[in-house]
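Chemist: Provide a 3D model corresponding to the input given below.
(one chain, ligands or ions: 1)
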Amino acid sequence: MSQASANLSSEATAPCATARALIEAGDPAADARALRRCLGQFPTGVTVVTARNGERLVGMAVNSFAAVSLAPPLVLWSIRRESSSAQDFLQAGHYAVSVLADDQVELSQLFGSSHPERFERARWQAGLQGAPLIEGAIAHLECRLEQVHEGGDHLILVGHVERYARFEGAPLLFTQGHYGVAQEHPALAEATPPGDQSAATELSDAELLRQLIYASQRLSLDFDSHRQALGLDMPMSRLVNRLREGACDPAELARATYLEPEEVADGLAGLEQQGLVCACGDGRVELSTSGRERQAAIAGSANHYMKDKLGQIAEADLAAFKRVLQALGHD
Ligand SMILES: Cc1cc2nc3c(=O)[nH]c(=O)nc-3n(C[C@H](O)[C@H](O)[C@H](O)COP(=O)(O)O)c2cc1C
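Modeler: Have a look, this model is predicted:
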């Protein structure tokens, strides 16, 4: 081969030249689980498909969902023939698809199980033909069951979309047996010129600040059930966190916690009632022994909560986020 043609062929093959180690290969009939692992190399979103058959509600996590046609508007998904809800889906003649958001892993797990109280535990609203629409999903597609095809140990249910709704948010992904989140490819993100960013990165500086505040408020609200489980509300929780550093007077507490003086007074009264703070005698208050224990419990709970939230974000993104927060926190 001449030098010129050698260059040409290496250029032509460059985009797919990565040599990958073979993990497994073989006859699908010999090992169905290995085939499932191979199919898991293909990433999907996660949906919850639901239906009402008379008085019975059925719903399950589904990642076999796919778009089929725009005109007419058709979608499909496949259900295991042996599924306890297969007959209900067929008889209902109608189903609703809720495309899950990246903060709905628990819902996917709930609807991926045979839990009898799936619908008591989830928040939903009845849609067309009473099929439940899962709240917090990023899309709803309400479908009339149009065709059922044989698909080996599955049935393929083709639906005609009668109504759809799209909401803001990012999708939950499923690949290689794990949940994931969508992220722009780093190589493309770097190559994208500043004026050509996606809508998510098109925030003005002022909007960025608003988003930061909004995210903080949303997390704080979401964390409230954990505080309540420990007998604390938001002001009390802020106060015990500040008091962990040592005794403090109410004015300093208000400054350090961004609480109004009345909120500090109410919070301290609540903490005192539970025996979590005691007066030092010089106008300052400090944590009692049980106050210190409660503070450690709420800190542990917050740590656990944030680990769970941040666990869904790529490490590189997190590192960049921490650097930005540190830079913003410095004068
Ligand atoms: C991410 C995920 C995707 C799933 N996709 C499908 C699917 O496409 N079709 C299916 O029949 N089951 C699928 N399942 C399994 C069902 O959700 C599960 O079998 C069902 O909820 C259990 O109820 P059943 O006993 O009525 O089958 C999936 C589960 C998970 C967690």
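
Chemist: for Leu259, helix, strand, or coil?
Modeler: coil (DSSP: H, G, I helix; E, B strand; the rest coil).

Chemist: give me the number of residues near the closest residue to it other than its chain neighbours?
Modeler: Nearest non-adjacent residue to Leu259, counting by CB to CB, 6 or more residues apart in numbering: Pro235, 5.3 Å away. No exception for glycine: its C-beta is placed from N, CA and C like everyone else's. Residues lying near Pro235 (other CB atoms under 10 Å) number 21.

Chemist: which ones are touching Pro235?
Modeler: Neighbouring residues of Pro235 by CB atoms under 8 Å, 6 or more residues apart in numbering: 257, 259, 263-264, 266-267.

Chemist: what would the residues you listed look like in CSV with neighbour count and pLDDT?
Modeler: Formatted as CSV, the contacts of Pro235 follow (neighbours: other CB atoms under 10 Å; pLDDT from 0 to 100):
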residue, neighbour count, pLDDT
Thr257, 20, 90
Leu259, 20, 86
Glu263, 19, 88
Val264, 25, 92
Asp266, 15, 90
Gly267, 24, 92
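
Chemist: which pair in those residues spans the largest distance?
Modeler: Maximum pairwise distance among the contacts of Pro235 (CB to CB): 12.5 Å, between Thr257 and Asp266.

Chemist: Please report the distance of the closest residue to the ligand within the stretch 1-150 of the chain from Lys309.
Modeler: Relative to the ligand, the nearest point of the stretch 1-150 of the chain is Gly112 (2.7 Å; CB to the nearest ligand atom). Distance check for Gly112 against Lys309: by CB to CB, to the nearest Å, it reads 21 Å.

Chemist: So which of these two has more stuff around it?
Modeler: Higher neighbour count among Gly112 and Lys309: Gly112, with 16 against 13, using other CB under 10 Å.

Chemist: neighbours of Ser290, just the number please.
Modeler: Residues near Ser290, counting by other CB under 10 Å, number 12.

Chemist: I should have written Leu145 there, sorry.
Modeler: A count of nearby residues for Leu145, using other CB under 10 Å, gives 18.

Chemist: now swap in Ala92 and tell me
Modeler: By the criterion of other CB under 10 Å, Ala92 has 22 neighbours.

Chemist: what's near enough to touch it?
Modeler: By CB under 8 Å, 6+ apart, the contact set of Ala92 is 51-53, 58, 129, 131, 145.

Chemist: Just the CA coordinates for stretch 95-102, please, in PDB.
Modeler: What follows is stretch 95-102, C-alpha atoms only, in PDB (Å, rounded to 0.1, in the frame of the first residue of the first chain):
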ATOM      1  CA  TYR A  95     -53.100   3.400  27.700                       C
ATOM      2  CA  ALA A  96     -51.200   6.400  28.900                       C
ATOM      3  CA  VAL A  97     -47.400   6.800  28.700                       C
ATOM      4  CA  SER A  98     -45.600   9.100  31.200                       C
ATOM      5  CA  VAL A  99     -42.000   9.800  30.200                       C
ATOM      6  CA  LEU A 100     -40.100   9.900  33.500                       C
ATOM      7  CA  ALA A 101     -37.800  12.900  34.500                       C
ATOM      8  CA  ASP A 102     -34.300  12.400  35.800                       C
END
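
Chemist: which residues sit against it?
Modeler: Outside stretch 95-102, the residues that touch it by CB under 8 Å, 6+ apart are 45-51, 62, 65, 75, 77, 89, 107-108, 127-128, 131-134, 136-143, 145, 157, 159, 167, 169-173, 181-182, 312.

Chemist: Among those, name the ones in helices.
Modeler: 89, 107-108 (DSSP state H).

Chemist: Keep only the residues you listed that also lie close to the ligand.
Modeler: Near the ligand, judged by CB under 6 Å from any ligand atom, the entries from the ones in helices among the contacts of stretch 95-102 are Ser108.

Chemist: Of the ones in helices among the contacts of stretch 95-102, which is the nearest to Thr289?
Modeler: Nearest to Thr289 among the ones in helices among the contacts of stretch 95-102, counting by CB to CB, is Leu107 at 40.2 Å.

Chemist: any idea how far Pro186 is from that closest one?
Modeler: Counting by CB to CB, the gap from Leu107 to Pro186 is 29 Å.

Chemist: Have a look at these two and say which one is more surrounded.
Modeler: Leu107 (26 against 11).

Chemist: residues touching the closest residue to the ligand within the stretch 151-300 of the chain, list them.
Modeler: The ligand sits closest to Phe174 of the stretch 151-300 of the chain, with a gap of 4.7 Å, by CB to the nearest ligand atom. Residues near Phe174 by CB under 8 Å, 6+ apart: 43-46, 63, 108, 180.

Chemist: try Leu141
Modeler: 75, 96-97, 99, 159, 161, 163-164.

Chemist: anything in stretch 38-58 near the ligand?
Modeler: Yes. Contact of stretch 38-58 with the ligand (CB under 6 Å from any ligand atom) involves Val46.
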